[in-house]
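**Student:** coordinates only, sequence not included:
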Ligand SMILES: Cc1cc2nc3c(=O)[nH]c(=O)nc-3n(C[C@H](O)[C@H](O)[C@H](O)COP(=O)(O)O)c2cc1C
């Protein structure tokens, strides 16, 4: 059973987290392919051999990114991006019954409310991914990062746990 990790990342922090989760899943013995793809390259139809979908992105304005917040990020030095997780969810063909878990990155210092993971899980359920659930938040030190110390390890450990869940079929 393959795993697809779709993510968005403007400063690279969520990408690092997505890669660490994938590493943990492979270490944890996830059978099949664990593929990390950026939303720009993500399929709009999830292949039948994908048994777990993870969706992650940065939290912007208490939720998933929007065109305006992505523009703000670009002015702060991020790689410009036309689309994000929000737009991908709006176009991907729903697969009811597929286990889906979301994750996000947020700034640790301010402890602002709101989470892209929570908003994405809700949007995915609304889209027809009826088993979408909110997973983990991973902390970054400031808008551009870096990832808070220990968070990449925590992402790997979370990946190991998810792999166990997939291989035991308790999804
Ligand atoms: C325009 C903008 C709005 C943001 N809003 C929030 C927010 O509401 N809450 C929060 O915790 N972090 C917020 N952040 C910080 C982002 O969560 C942080 O930049 C992101 O986690 C970095 O991930 P990335 O490197 O993958 O882009 C914001 C950042 C930007 C650029």
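**Tutor:** Received it, and whenever you're ready, just let me know what you need. Quick caveat: nothing in here was measured; it's all calculated off a predicted structure.

**Student:** Now stretch 155-171: buried residues?
**Tutor:** 155, 156, 158, 159, 160, 162, 163, 165, 166, 167, 171 (16 or more other Cβ atoms under 10 Å). Just so you know, the C-beta spots here come from the backbone N, C-alpha and C atoms, and that holds for glycine as well.

**Student:** Now it: average pLDDT?
**Tutor:** Throughout stretch 155-171, pLDDT has a mean value of 82.

**Student:** Stretch 63-82: which residues count as buried?
**Tutor:** So, applying 16+ other Cβ under 10 Å, buried residues of stretch 63-82: 63, 64, 65, 69, 70, 72, 73, 78, 81.

**Student:** Could you check how far the residue nearest in space to the middle of the chain is from residue 48?
**Tutor:** For the chain, residue 56 is the residue whose C-alpha lies nearest the centre (Cα atoms, centre = their mean; 1.2 Å). To residue 48, residue 56 is 23 Å away according to Cβ to Cβ, to the nearest Å.

**Student:** follow-up on the earlier one: can you verify my assumption that the residue nearest to the centre of the chain contacts residue 102?
**Tutor:** Yes: assessed by Cβ atoms under 8 Å, residue 56 is found in contact with residue 102 at 6.5 Å.

**Student:** Check the contact lists of these two and give me the overlap.
**Tutor:** Jointly contacting residue 56 and residue 102 under the rule Cβ atoms under 8 Å, 6 or more residues apart in numbering are 116, 117, 120.

**Student:** from those, which single one is nearest residue 143?
**Tutor:** residue 116 (14.0 Å; Cβ to Cβ).

**Student:** ok, the closest one - contacts?
**Tutor:** Counted by Cβ under 8 Å, 6+ apart, residue 116 has contacts 56-60, 63-65, 85, 102, 104-106.

**Student:** Dihedrals phi and psi, it?
**Tutor:** Taking degrees, to the nearest 10, you get phi -60, psi -30 for the backbone angles of residue 116.

**Student:** Can you tell me which residues in this protein are near the ligand?
**Tutor:** 9-14, 58-62, 69, 72-73, 76, 105-107, 112, 114, 140, 143, 145 (Cβ under 6 Å from any ligand atom).

**Student:** which parts of stretch 21-39 are buried?
**Tutor:** For stretch 21-39, by 16+ other Cβ under 10 Å, it's 21, 22, 23, 24, 25, 26, 28, 30, 34, 36, 38, 39.

**Student:** is it true that the last one touches residue 7?
**Tutor:** Same thing as residue 39. Yes: counting by Cβ under 8 Å, residue 39 does reach residue 7; the two are 7.0 Å apart.

**Student:** Need the overlap of contacts for those two.
**Tutor:** In contact with both residue 39 and residue 7: 57, 85, using Cβ under 8 Å, 6+ apart.
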